[in-house]
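Asks: coords please:
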Amino acid sequence: MNSDQELIYIWDAYCGWCHGFSKTVHRLHNNHPELPLTILSGGLFTGNRSQAIGAFPHIAEANQRISQLTGAEFGSGYQELLHDGSFVMDSELAAIGFYALRSVAPEHAIELAAAMQHAFYVEGKSLSEPETYRTIALANHIDAEAVLTLFHDPASQEAARAEFADVSALGVNSYPTLLLRSGNEYTSIGGTMNVEEIEARLAKLHNVQPEAALYCAMDSPEGC
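Replies: Modelled structure (predicted):
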């Protein structure tokens with residue numbers, strides 16, 4: 001395998017399909033420890049799109065489909081937010097939170113991303129609140145005070161915005177998106193496929209051999 005390869009997972013913490021894709025990308029990462037994984041925030045609800053969840057009436061129906069196809073859980077805490085409709089999704093603050101968590105424990109980025117989506121989609125916690133990140137940090141045995149210091153640091157906002165710009169420069173504007181970088185070449189693998197489908201694309205396009213861990217593929221296929 002080309003040693004100059006990595007997987008790039010582009011997500012948004014407030015993206016329901018990313019919540020559904022979480023287990024798949026985690027399993028893929030476990031299948032291929034030889035492929036470094038970089039996780040970047042895309043910025044779904046920023047600017048004029050950072051609105052109350054009730055402004056997006058399609059979300060409830062989309063969540064049903066996501067749950068049916070991926071088995072993702074949408075908990076009672078989240079359902080209360082959805083029913084009330086006033087909760088404002090702010091992807092920039094969520095990206096700052098992820099940047100803070102990832103900076104303190106980069107080796108656990110994939111677990112921390114999943115923890116953020118569990119906090120929102122299962123427990124109904126705001127990803128704009130510092131206390132959410134304290135809870136995630138403590139649960140994952142990382143320095144909560146260091147995370148909160150970074151969350152409040154103005155430089156973290158600039159870093160999150162720079163990450164949005166990097167994602168835009170890659171031509172990615174939908175989430176989740178999984179890319180394989182080989183040298184200076186970036187190839188989209190997909191974003192809502194199951195592990196078997198992604199493994200097949202890796203093997204076909206880049207001679208990445210599927211591992212025996214294909215058993216971890218989801219029973220139900222994912223799709224938009």
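Asks: what is the burial count for residue 110?
Replies: 18 (other Cβ atoms under 10 Å). (Each C-beta comes from the backbone N, C-alpha and C, glycine too.)
Asks: rounded mean pLDDT for the strand or helix carrying it, please.
Replies: Residue 110 belongs to helix 109-121 when assigned by DSSP states H and E. Taken as a whole, helix 109-121 carries a mean pLDDT of 98.
Asks: contacting residues around it?
Replies: 9, 11, 13-14, 16, 18-19, 22, 25-26, 29, 37, 39, 72-75, 78, 94, 97-98, 101-102, 105, 125-127, 132, 135-136, 139-140 (Cβ atoms under 8 Å, 6 or more residues apart in numbering).
Asks: buried among those residues? Make that a PyMOL selection.
Replies: Restricted to buried positions by 16 or more other Cβ atoms under 10 Å, the PyMOL selection for the contacts of helix 109-121 reads:
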select buried, resi 9+11+13+14+16+18+19+22+25+26+29+37+39+72+74+78+94+97+98+101+102+105+125+126+127+132+135+136+140
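Asks: strands - which of the contacts of helix 109-121 land there?
Replies: Counted as lying in strands by DSSP state E, out of the contacts of helix 109-121, are 9, 11, 37, 39.
Asks: follow-up on the earlier one: tell me how far the helix holding residue 110 lies from the chain's centre.
Replies: 8 Å (Cα atoms, centre = their mean, to the nearest Å).
Asks: spit out the contact partners of residue 167.
Replies: 10, 40-43.
Asks: what helix or strand does it sit in?
Replies: Residue-wise, residue 167 maps onto helix 154-169 under DSSP H and E.
Asks: what residues of that helix count as buried?
Replies: Those would be 156-157, 159-160, 163-164, 167, for helix 154-169 by 16+ other Cβ under 10 Å.
Asks: kindly report the same for stretch 173-187.
Replies: Buried, per 16+ other Cβ under 10 Å, within stretch 173-187: 175-182.
Asks: may I ask which helix or strand of this protein has the lowest mean pLDDT?
Replies: helix 195-206 (a mean of 84; mean pLDDT, DSSP states H and E).
Asks: mind listing what's buried in it?
Replies: Of the residues in helix 195-206, those buried (16+ other Cβ under 10 Å) are 195, 197-199, 201-202, 206.
Asks: so of the residues you listed, which two are at opposite extremes in space?
Replies: 195 and 206 (16.0 Å; Cβ to Cβ).
Asks: show me the shaky parts of the chain.
Replies: In the predicted model of the chain, residues 1-3, 206-224 satisfy pLDDT under 70.
Asks: helices along that one, start to end?
Replies: Taking DSSP state H as the test, the helices found in the chain are 16-31, 59-70, 76-84, 91-104, 109-121, 130-139, 144-152, 154-169, 195-206.
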